[in-house]
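[1] What would the 3D arrangement of this be:
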Amino acid sequence: MQDKLNWLGRMALLTCLGAAVLLGSTTQAVAATTPAKVFHITAGPSANDEAQKAFFYASEGDVVEFGAGTFDFKSGLIIQGKRGLTIRGAGRDKTRLSFLRSNTAEGINASHCEGITIEDLEVIDTPGNGIRVFRSKYVTLRRIKAGWTDADPIKPGYQTKPSNGFYAIYPVMVQQLLVEDTYSYGSVDAGLYVGQSSDVIMRRNEARYNVIGIEMENVQRGLAEQNLATENTAGFLAYDLEGLSQYGEGSIVRYNRFVGNNVDNFGSAGFVKDAPRGTGAIIVAQDNIEFYGNELADNWAAGLLIMNYGFVNSKSTDLKQDWFNEAVNVHHNVFRNNGKKLQAFDPNNASTTLTAAILLKGFGISAHILTDGQVDKPNGCTKYPVDQNGIPLNQPNAVETWRVNPRLTTLGAPNFGINDPQPPCHFNGWKFNTVPNWLLGPQTKLKEEFRVCMSDNSFDAAVPPYLNLNMQNGELTNLRNFLLGDRNMGKLACKLKAVKEPTVNLPYVLPDNAVRQPSMEESARVCGAAARNKLNLDLAATYNCPTLDQYGLFQDEQDPRSKPMGTGMPFELTSTLFTNYASKYRFVFIPQGKQAQYRDTKTGFQTSKPAGVTDGPWYPAGDLSAQSLATLSFPTGTVIAKTFSFRREDASGNLINEDLIETRLLIKRNGANGPYWAGLPYVWEKDATSGKLVARLTPQGKELTGSYDYQDHDPDVKDANGQRARYKGEVKQYGVPSAMACVVCHGNERAGEAGAVPIGPKVKFLNRTNAALGNQNQLQYMKAAGLLSGLPESFAGVEKAPRWNVPGDVVGKPAGTPADVQARARAYLEANCASCHNPAGEASNSGLFLSSATPLNTQSGVCKKPVAAGRGAGGMLYDIVPGKPEESILLYRLASAENGVRMPTLGRVVAHAEGATFIRDWIKVMQPDENSGDVCK
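    Residues are numbered from 1 along each chain as shown. So this is what the prediction gives:
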């Protein structure tokens, strides 16, 4: 027994071995003829711009290196689509990246990357998350520190603050992840959070003064070892949250110290807000988890808490999710001095529910280990879950390519992924065996290997070892919950087979198709030598020209509102994205002899590409992410230009003057792994030498001011008094996004293309007339001009989204009726929110999807609990509460201009007053789908 409990010795051995272990990789090295470039960034006034430019120009295998000192950044550092990039400092106590004055939520935000490493630096005082890595592969985070300076327990005067950011270190939806030797502090959610990720190692990390120290949420094949979580509300949490892209299983938690976690809960939203103070570790709704060799000591409420999901949300309607813990193996842990100081029960504080349970079931005496005692039972559901193609998950599907985990879990359960539809009922038949009973006949019983087992643990006498609370969920008024607790631990005296350790193929080695993009100097040379006064789409397909006029897009090179060159075409949309009340001018340039392919959410999806189509992605029917993304399919070489300006008009709507702010380009290029879209921001200014207006490439972004006073360009848009709508105001911090920031809104993994894919030019939004085209319908014009193929002959059936701000613009729905309001509200949300909030977008980890193609139920926010919202939830419980806009998080964030709260996070710094008012009116009369779970409480 003593040998088995010598976990400290094992930790020491693993610490010695850890540095020597080389995790395997099957990739191949980049050719030696393409040496990496190191971008050196030094602290000072220009550091923000230099860092943003470095991330833009960095090629595969390059290094962005921050020197020693404190860096004061005015915006977050965004990295997108990079392979083999290393971001490093001089040491986590020497290089400090401060985002106290940043106008964006994240400090470092890396997405859609492969082989990225972040090391040897500190990120502090972000409005939202410290370091976020999203939808990436082969990621290493090591020797980093992240938190909030006034919440640094090393410093005197420490205090926890609900206004701090959500997560200090936040990898989410990552495959192949190593997090080691980090320190996180002060988070209102979790200090070190790993969510919806697969094949993960977290080792030798430290977390202090967070609500949750270290969290594994919906993780498959995770290993947490040799970590220290102390002085948090709860030290460690492993659980599954409803409605997300995957569900967790097959993890190991070993050789950790979860000690002295007794900080008052200062969380602001979600389950963590209800986490009981004084808990060493919490396990909720986990399958096949092995918990051993850990020390759990000096936690005032309990050492280990094991509960079913009913304690989180007993009204969850997610039929994919399994509430119960199966195959939980707790062995060879040391429990010491836990459970001796329960928090006083407060009926208005959900985090004290555990106290009430212990008072009720254990006569006020806690235990080192608390469980709910619940075991799943057959529920009569016989319909085996299927994938989006209707194939049962226990059978192979040869055509799907998106799934990142096996179709079955290690226990043989359906392993749901993000695109699998909700089943008609929750299938749990995989858990049970039929056993003979001579008296009662055949009985269905949980398989022995799926039990919760506890063996060979060490307990001191501070409190009893164990208490089974006999509680189904956290509702103390449930009659079942008046059963007395049970301290007989012998019922759990069993052993399970060891969980297989994850395989993490790191360090990353660049593949042999690594490429280098043209340097700033090369682009300047080639673009400067190109012919002028012609459309240069071939130039745009490769080079990032220093000035916009070098692409030859417009007849007047000083006016991006003038007639386009060559095949260029102006276009407008029925419902548009709000951007600080800026006016917008949109153009698309399709290469000569090529065409866009028609694609919409009704008829444009194919299970395979039609004969003759070689350029552009096609989607399988029923793919929700594709439905929310279905723009026209543009050929390689296409350029989409959008110019932003501030107009000032007289009382009659006549233009007085107009300030050109920026022109953003989306360019479809060919890359090593297929087509991708590059996003380039150009800022307009007057050239000091020539006096002409010129738009200069500004990959670092820029902050500007501006004022506006103009009538809505659409005469059908009226104000509350029935007069033509007019907008007047000032924007003090208009943010031109960095080039890397384009992907925050435009990035989408399921689009079939990488980079900053288009958002606006969907059939439903393009289906309208345009005065600049002689009042012709835009789609019909494109067909006649040879720019579009596949437009249905019967145009009456082509889908059309309404103008959100014109009552009665919905065909067949009278103005002002709930049906009319709802259709327009969904068009507004799709235009303003769905680019991120879809199953493959930047906010896919939230499980909130706002395309009009998504059923109006929990999936689209109805009675849905927030994910990763932090203070952005405003203390509210649900994203949308039908009939109660004042209790709806979605409206709260839409109406806010506060950094870290507002949504969208980028693209605006002022609130869209008219849009917020309209969404408020919609929530009052909204009509959720049947069986949407719209009784929120």
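[2] From Ser851, how far off is the residue nearest the centre of the chain?
    Nearest to the geometric centre of the chain sits Ala843, at 3.5 Å (Cα atoms, centre = their mean). Going from Ala843 to Ser851 by Cβ to Cβ, to the nearest Å gives 12 Å. Every residue, glycine included, has its C-beta placed from N, CA and C.
[3] what residues do those two have in common as contacts?
    His837 (Cβ atoms under 8 Å, 6 or more residues apart in numbering).
[4] sorry, back to before: now the residue nearest to the centre of the chain, nearest residue through space, not along the chain?
    With sequence-adjacent residues excluded and distances taken as Cβ to Cβ, 6 or more residues apart in numbering, Ala843 is closest to Cys836, at 4.0 Å.
[5] Looking at that neighbour now. What's its pLDDT?
    At Cys836, the pLDDT value in this model is 86.
[6] Going forward, count from 46.
    New numbering, starting at 46: the last item is Cys881.
[7] Assumed it was part of a helix.
    No. Applying DSSP: H, G, I helix; E, B strand; the rest coil, one finds Cys881 to be coil, outside a helix.
[8] got a list of what it touches?
    Residues near Cys881 by Cβ under 8 Å, 6+ apart: Val789, Cys790, Glu887, Ala888, Pro949.
[9] among those residues, who's most crowded?
    Val789 (29 neighbours; other Cβ atoms under 10 Å).
[10] quick one: secondary structure of it?
    Applying three-state DSSP: Val789 is helix.
[11] Flag the shaky bits of the stretch 646-795 of the chain, pLDDT-wise.
    647-674, 794-795 (pLDDT under 70).
[12] Can you name the next helix or strand after the lowest-mean-pLDDT helix or strand in the chain?
    Least confident helix or strand, the chain: helix 52-63 with a mean of 37, by mean pLDDT, DSSP states H and E. Under the assignment DSSP states H and E, the closest C-terminal helix or strand after helix 52-63 is strand 83-86.
[13] Can you name every helix or strand that that following strand contacts?
    helix 92-102, strand 108-111 (3 or more Cβ pairs under 8 Å, 6 or more residues apart in numbering; DSSP states H and E).
[14] Of all the ones you listed, which one comes closest to Thr131?
    strand 108-111 (4.6 Å; Cβ to Cβ).
[15] From the rest of the structure, what touches that closest one?
    Outside of strand 108-111, the residues that reach it under the criterion Cβ under 8 Å, 6+ apart are 81-86, 88, 96, 99-100, 103, 130-135, 140, 142, 166.
[16] same thing with stretch 477-496?
    Glu371, Ala372, Val420, Asp421, Pro423, Leu456, Lys476, Leu537, Cys539, Leu541, Lys542.
[17] What is the nearest of these to Leu836?
    Leu456 (49.9 Å).
[18] Tell me, how many residues neighbour the closest one?
    18.
[19] residue contacts, it?
    Counted by Cβ under 8 Å, 6+ apart, Leu456 has contacts Glu294, Asp332, Asn333, Glu371, Ala372, Trp475, Phe495.
[20] again, only this time at 7 Å
    By Cβ atoms under 7 Å, 6 or more residues apart in numbering, the contact set of Leu456 is Glu294, Asp332, Asn333, Glu371, Ala372, Phe495.
[21] same check, this time on Met921
    Glu932, Ser933, Ile934, Tyr937.
[22] Now, the residues you listed that are in helices?
    The members of the contacts of Met921 that map onto helices under DSSP state H are Ile934, Tyr937.
[23] can you give me the helices for the stretch 646-795 of the chain?
    For the stretch 646-795 of the chain, helices defined by DSSP state H, counting those that start in this stretch occupy the ranges 669-674, 787-791.
[24] Please apply the same query to the stretch 846-982 of the chain.
    Using DSSP H, counting those that start in this stretch, helices in the stretch 846-982 of the chain cover 863-877, 934-939, 958-970.
[25] tell me what the shortest one is packed against?
    It refers to helix 934-939. helix 958-970 (3 or more Cβ pairs under 7 Å, 6 or more residues apart in numbering; DSSP states H and E).
[26] and the residue lying closest to Gln603 once chain neighbours are set aside, what are its bridge partners?
    Among residues not flanking Gln603 along the chain, Leu738 sits closest, at 4.2 Å (Cβ to Cβ, 6+ apart). In this entry, Leu738 is beta-bridged to Lys731, by DSSP bridges.
[27] I figured Leu738 hits Trp729, correct?
    Yes. Using Cβ atoms under 7 Å, Leu738 is in contact with Trp729, at 6.0 Å.
[28] which neighbours do those two share?
    Leu705.
[29] that older thread, give me the PyMOL select line for the contacts of stretch 477-496, limited to the buried ones.
    Command for PyMOL that selects the buried part of these, burial taken from 16 or more other Cβ atoms under 10 Å:
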select buried, resi 371+372+421+456+476+537+541
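[30] can you tell me which of the contacts of stretch 477-496 lies nearest to Ala575?
    Leu456 (61.1 Å).
[31] which SS class is the residue lying closest to Ala81 once chain neighbours are set aside?
    Spatial nearest neighbour of Ala81, excluding adjacent residues (Cβ to Cβ, 6+ apart): Gly106 at 4.4 Å. Under three-state DSSP, Gly106 falls in the coil class.
[32] distance of the residue nearest to Gln603 from Arg631?
    19 Å.
[33] Where does pLDDT dip in the stretch 396-545 of the chain?
    Looking at the stretch 396-545 of the chain by pLDDT under 70, you get 518-527.
[34] Quick one: the helices in it, in order.
    Counting by DSSP H, counting those that start in this stretch, the segments of the stretch 396-545 of the chain that form helices are 398-407.
[35] quick one: Arg141 and Glu335, what's the gap?
    Separation of Arg141 from Glu335 (Cβ to Cβ) stands at 38 Å.
[36] likewise Lys190?
    30 Å.
[37] higher neighbour count, these two?
    Taking neighbours as other Cβ under 10 Å, Lys190 and Glu335 compare with Lys190 leading, 26 against 23.
[38] Specify the beta-bridge partners of the more buried one.
    On the basis of DSSP bridges, Lys190 is bridged to Glu167, Tyr228.
[39] tell me the contacts of it?
    Arg137, Glu167, Thr227, Tyr228.
[40] per-residue confidence at it?
    97.
[41] With Ile968 instead?
    pLDDT, read off for Ile968, is 96.
[42] That one reaches Tyr923, doesn't it?
    No. If you go by Cβ under 7 Å, Ile968 and Tyr923 don't touch, sitting 11.1 Å apart.
[43] so what sits against both of the two?
    By Cβ under 7 Å, 6+ apart, the residues touching both Ile968 and Tyr923 are Ser933.
[44] residue contacts, the nearest residue to Arg180 once chain neighbours are set aside?
    In space, and not counting its chain neighbours, Arg180 is closest to Met218: 4.8 Å by Cβ to Cβ, 6+ apart. Neighbour list for Met218: Phe179, Arg180, Gln241, Ser242, Ser290, Ser889, Asn890 [criterion: Cβ under 7 Å, 6+ apart].
[45] hmm, try it at 10 Å
    156, 178-181, 240-243, 263, 289-291, 449, 463, 794, 885, 889-890 (Cβ atoms under 10 Å, 6 or more residues apart in numbering).
[46] Can I take it that it is in a strand?
    Yes. Assignment of Met218 by three-state DSSP places it within a strand.
[47] Let's see the pLDDT reported for it.
    pLDDT at Met218 comes out at 95.
[48] So it versus Ser889, what's the distance?
    Distance, Met218 to Ser889, by Cβ to Cβ: 7 Å.
[49] so what sits against both of those two?
    Phe179, Arg180, Gln241, Leu289, Ser290, Ile463, Glu794.
[50] Looks to me like the first one is in a strand.
    Think Phe179. Yes. Under three-state DSSP, Phe179 falls within a strand.
[51] What is the burial count for it?
    25.
[52] likewise the fourth one?
    With neighbours defined by other Cβ under 10 Å, the count for Leu289 comes to 24.
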